[in-house]
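*Asks:* Attaching a predicted model along with its sequence, questions to come.
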Amino acid sequence: MAIDLERTKADELARQVKLKATFKVCVGSGCLSSKSDILAEKLRAIIGGRGLSGDCEVKLVGCRGLCAVGPLVRYTEKDTLYSGVTEGDLEAVADDISRMPCGGKIVDTNSSFFKRQEKVVLDNAGSINPLRIEEYIAFDGYFALKKVLGEMSQRDVVETVAKSGLRGRGGAGFPTGTKWKLLAEAAGDEKYVICNGDEGDPGAFMDRSIMEADPHKIIEGMAIAGYATGASKGYIYVRAEYPLAIKRLEIAIEQATEMGLLGENIFGSDFSFQIKLRLGAGAFVCGEETALIASIEGKRGNPSPRPPFPTQSGLFGKPTMINNVETLGNIARIIRDGAEWFASIGTEKSKGTKVFALTGHVVNAGLVEVPMGMTLREIIFDIGGGVANGKKFKAVQTGGPSGGVIPEKYLDTPISYESLAALGSIMGSGGMLVMDEDDCMVDVAKFYLQFCVDESCGKCAPCRIGGYQMLKILEKIVKGRGEIGDLDKLEKIARAMKTASLCGLGQTAANPVMSTLRYFRQEYVSYIEGGVKYARQMKKG
Amino acid sequence: MKQSISAVGSSEEAKEKVRKYVDKFAGEEGNLIMILHAMQSDEGYIPRELALELSLALNISVAQIYEVLTFYHFFKLTPQGKHNVVVCLGTACYLKGAADILKSVEENLGIKAGETTADRLFHIEVARCIGACGIAPAVKIDGEVIGKATSEKIVEQLNQIKAAEGGNGN
């Protein structure tokens, strides 16, 4: 029996309209660490104590983005957002139902943090309860899946995605439509669609928040991808370090299967699709496609040379396509609102929006989604509120261990895959780390390189040996024992790693060192010329 | 072949346990990592006895199992402490002084990261990123994330746990 989406949507909306007050308590990982789930229970008890349970709902929702001032509670009907809510505030929050909003902890939702953002992937985040499929459906969830199964040919879907200009959000920016086409054209009855939720980049939590806040969006995106490419099986590969995301995805898959939105003959069509979860186990290299496939097969996450590409021979030797969480999060909206709508957002070559995890020394640390083409300055200063503690801006790091730093003079660069690459960094998966005047660039470079050395799988020599040797040189430099010739050596090894490494990890591992050398060479030279004395001084700073 | 290795002496209990995990993922291709996850989630680590038993049950070599176990950071080969302290050293946390917090934790407990106290009460671990960058620096004690952590805050919490454990040792 096919589910009646319209009916479910209407029922849920009718239920919501009857409510006099809806309090949305954020239970994203950030707010949850301040025990927001317990706050929600207590708020529910207070409201119940006043005999208002029938008219009011206390709802657990995903991340609203402003993690820095959590826990957040939003009173939807009055559009009041409370920050830093404690148990002591709950009575006052509940008073809101009958009176005017209480002062003090209200966040201005008209501030540029909210107004300058454009939510496509995160449109439901913080507003629906991720544990209730009805709420996802109430916001037109699964209507895109119904549309493709009822009205569109497989080729139509692939073409729509291609026309939208969507590119992979995992970092490399490969055109998604092209990838789908490759899998659709691959020969074979059995094909796989994999969602890459192995967000290993330290300093990034975009995918985590999406999976936690709106898991059905990923499932719908995968099912559409499955239909378009002729795959009937999907895997979501999630980091084991994300227990909350795993739990919510498990529940979401169960609900979707129960409602017939996954499984056999979806919406009465010939299309069948099932999704299974697979857990990562703490290996950064598994974000690389071929390593990820090996890991799902239950093996060590060693990358393998390409070709053959996964779309030719991937999981269990079958044609396979891997899409990032955020990429899949765009699909349903593209189908519902059209490729033209999507392509109208962004720059000429980078369409749509991008989610960033804005962290480091920035006032409004949290999760933001902005249209491509917005400048770094707008993101960091308008949305992010600038550098914390009144310090001076020094640089912003994008792309994590594969990316680089960007100094102040390039802050007016509109973000796109190309513009960031031209500056020696990358778009990456969306980590955006703000560094202030006190942060030492050599130390930051060493931090990232250490990470890549630890995470190198050791299979190919350029990455295994090159990374280690660069790290040794950096350690020598920060101890004040460097020589000026060391900088040339660093560059030489970096070039070799870039050219000869087997996979993306090794090819990009030297980027943080190279880009700090490019913009902050003087800091390296100071260590070398100032010797031990300078190094000690930096350590104190 | 099965007989010869089981002669090494796996207990009936170990066999029973392994059977439970294997049955749960029976017939699924590439199920090794999922089985190990389930095992570690119950046991806290992967005991050698269970790994040996698993190699029989899946009919793969012990080396294949240990190849996976030692490759992935997540899997533990030794029992962990009763209380697990995870200091996140992801970039955002690192920038905000997580290294100092780690130092305080190490000093307070008298062990280094990756080690367990002699009384098996505490274990310190370093994480690459627990995804709580918005509230960096973050420390996780017994699964609970503490955001905007400071050395004082964490040490105080450790002392509280110690006090609670105090009288009766374990």
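*Replies:* Here it is on my side, so go on. Residues are numbered from 1 along each chain as shown, chains lettered A, B, ... in the order given.
*Asks:* Give me the nearest residue to residue 62, chain neighbours excluded.
*Replies:* The chain I'm using is chain A. Ranked by CB to CB, 6 or more residues apart in numbering or on different chains and with sequence neighbours excluded, the top spatial neighbour of residue A:62 is residue A:213, at 2.1 Å. The C-beta positions use only the backbone N, C-alpha and C, and glycine is treated the same way.
*Asks:* meant chain B, my bad for not saying
*Replies:* With CB to CB, 6+ apart, the residue lying closest to residue B:62 is residue B:55, at 4.5 Å.
*Asks:* isn't residue B:149 right up against residue B:101?
*Replies:* Yes - between residue B:149 and residue B:101 a contact is recorded at 5.9 Å, counting by CB atoms under 8 Å.
*Asks:* okay, and the common contacts of these two?
*Replies:* Residues touching both residue B:149 and residue B:101 (CB atoms under 8 Å, 6 or more residues apart in numbering or on different chains) are B:137, B:139.
*Asks:* Give me the mean pLDDT for the helix or strand residue A:235 falls within.
*Replies:* Here residue A:235, judged by DSSP states H and E, is contained in strand A:233-238. Mean pLDDT, strand A:233-238: 98.
*Asks:* Which strands border that strand, and is each parallel or antiparallel?
*Replies:* Sheet pairing for strand A:233-238, assigned by DSSP bridges, gives strand A:192-197 (parallel), strand A:274-279 (parallel).
*Asks:* then the last one to PDB, C-alphas only?
*Replies:* The one in question is strand A:274-279. Presented in PDB, the C-alpha positions along strand A:274-279 are these (Å, rounded to 0.1, in the frame of the first residue of the first chain):
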ATOM      1  CA  GLN A 274      16.900  -0.300   0.700                       C
ATOM      2  CA  ILE A 275      19.500   1.500   2.800                       C
ATOM      3  CA  LYS A 276      21.900   0.100   5.400                       C
ATOM      4  CA  LEU A 277      24.100   1.800   7.900                       C
ATOM      5  CA  ARG A 278      27.800   1.100   8.100                       C
ATOM      6  CA  LEU A 279      30.000   2.500  10.700                       C
END
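*Asks:* Residues touching it, excluding its own?
*Replies:* Taking CB under 8 Å, 6+ apart as the rule, strand A:274-279 contacts A:219, A:222-223, A:232-240, A:246, A:249-250, A:253, A:257, A:262-263, A:295-296, B:28, B:33-34, B:37.
*Asks:* which of these count as buried?
*Replies:* Buried by 16 or more other CB atoms under 10 Å in any protein chain shown: A:219, A:222-223, A:232-240, A:246, A:249, A:253, A:262, A:295-296, B:33-34, B:37, out of the contacts of strand A:274-279.
*Asks:* related to what we said a few turns ago, just name the most buried of the strands paired with strand A:233-238.
*Replies:* Most buried of these by mean neighbour count (mean count of other CB atoms under 10 Å in any protein chain shown) is strand A:192-197; its value is a mean of 27.
*Asks:* Just the residues contacting that one, thanks.
*Replies:* Around strand A:192-197, the neighbours that count as contacts under CB under 8 Å, 6+ apart are A:170, A:183, A:207, A:211, A:218, A:221-222, A:225-226, A:229, A:231, A:233-239, A:242, A:245, A:287, A:289, A:292-293, A:296, A:314-316, A:318-325, A:328.
*Asks:* Thanks a lot, see you next time.
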